[in-house]
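> Here is the input, now give the coordinates:
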Amino acid sequence: MEIRQLQYFVAVAEELHFSRAADRLHIGQPAVSQQVRRLERELGVELFDRSGRTVRLTPVGRALLDDARAVLGSVHAFIAKAGRLAAREEGIFRLGISSALGQRLDYFLDALSEKKSGILFEFRTAGAQVRLDEVRAGRLDAAFVRGIGAAPGLRLLPLWCDPLVAVLPAAHPLARRSTLDLRDLADVPLRIMGRSQNQVLFDSVTSACRRAGFEPVIGPQFNGLQEMLAGIGAGAPGWTLMYPSAIGAASSRRISVKSLAGSPVIIRMSLAVRAEEGLARLSLLESVCDQVCRMVASENAAILDSLR
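Model prediction:
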């Protein structure tokens, strides 16, 4: 019996269709049928009932499906552990990252390199859920994730917290104030990425507005930060929130950046690691995260002071 035979069996059992299973496995349908037949002959049982127009699991097939999944899970865990051991032997740290980290990523890399000399880095840019899954599977050593309070099977180490700042047209009357209250913006359309594009940011901002006592009026969509800033600067009614580290992008004299009283919208960045991470490495990463946290807190404080 071969591992691929179990993979084919599970794929067909989940799809209940040989052609769809073949498409999922990226191989030809005859190969899937042949290997499943071979597995049945080797085991001396029938796994599928092919007598009707549709494929169905036999009682034996249903009884063996969970065991097949368990075997494949053990194989994947074995391969992932071997990959982790190989990476550690080579001094490679595999890190999942998101976009727009900028200098914050440098802080982390510098801090880790200082504490563990000779370390090499490999990076994977992907969506938040993919990054978390890759850490769970052992294909990444850690990953940056924003705005997540808990993740099953993982430990989240605090990296930093970003108090978002408001951006509005420089010609707007509110721009003359040194600091804004979030409620001051209730009647101004909110320009923000859609929830499908950035769920953490969208939910954090809209929830803060509701806590402040108003439902935000969502303005026209935009395709990127520069497009949105240009639109606001050109006089289109609207405001938005942005990370302090992105203020450099708001260089136009047509827009105004303001801090918000009480920092009502704070988004946390964490480092996700496996829950079973060894004590030595966990201690190392906690120390690195603590160092980065202090650096970013000082940086954010200086940025907010400059806006007052």
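> Give me the secondary structure label for residue 197.
coil (DSSP: H, G, I helix; E, B strand; the rest coil).
> any idea of the pLDDT on it?
Per-residue confidence at residue 197 stands at 81 (pLDDT).
> Kindly state the beta-bridge partners for the nearest residue to residue 243 once chain neighbours are set aside.
In space, and not counting its chain neighbours, residue 243 is closest to residue 162: 5.0 Å by Cβ to Cβ, 6 or more residues apart in numbering. Where C-beta positions appear, they are placed from N, C-alpha and C, glycine not excepted. Counting by DSSP bridges, residue 162 forms beta bridges with residue 267.
> need the strands for the stretch 51-200 of the chain, in chain order.
56-57, 92-97, 120-125, 142-146, 154-163, 165-169, 179-180 (DSSP state E, counting those that start in this stretch).
> In the sheet, which strands lie alongside the fourth one, parallel or antiparallel?
Listed by DSSP bridges, the sheet partners of strand 142-146 and their directions read strand 92-97 (parallel), strand 266-274 (antiparallel).
> Residue nearest the middle of the protein, spatially speaking?
In the chain, the C-alpha nearest the mean C-alpha coordinate belongs to residue 128, at 1.1 Å (Cα atoms, centre = their mean).
> Chain neighbours aside, what residue packs nearest to it?
The spatially closest residue to residue 128, leaving aside those adjacent along the chain, is residue 145, at 5.3 Å (Cβ to Cβ, 6+ apart).
> Can you name the residues that contact that neighbour?
Counting by Cβ atoms under 8 Å, 6 or more residues apart in numbering, residue 145 touches 98, 128, 131, 132, 151, 156, 269, 270, 271, 272.
> could you pull out the helices for the protein?
3-15, 18-25, 29-43, 59-89, 103-115, 128-136, 199-211, 225-233, 279-307 (DSSP state H).
> how about these in CSV, adding distance to residue 192?
Listed next are these as CSV, based on distance: least, Cβ to Cβ, whole Å:
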stretch, distance to residue 192
helix 3-15, 38
helix 18-25, 37
helix 29-43, 46
helix 59-89, 38
helix 103-115, 22
helix 128-136, 18
helix 199-211, 6
helix 225-233, 8
helix 279-307, 20
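> Select, out of the ones you listed, the one closest to residue 242.
If you check each of the helices of the chain against residue 242 by Cβ to Cβ, helix 225-233 wins as the nearest, at 7.3 Å.
> Next, the angle strand 165-169 makes with the closest one.
With axes from the mean of the first three to the mean of the last three Cα atoms, to 10 degrees as the basis, helix 225-233 and strand 165-169 are set at 50 degrees to each other.
> So that it lines up with my notes, have the first residue be 588 from now on.
Noted, 588 is the first residue going forward, which turns the last one into helix 812-820.
> confidence score at residue 810?
The confidence metric pLDDT takes the value 71 at residue 810.
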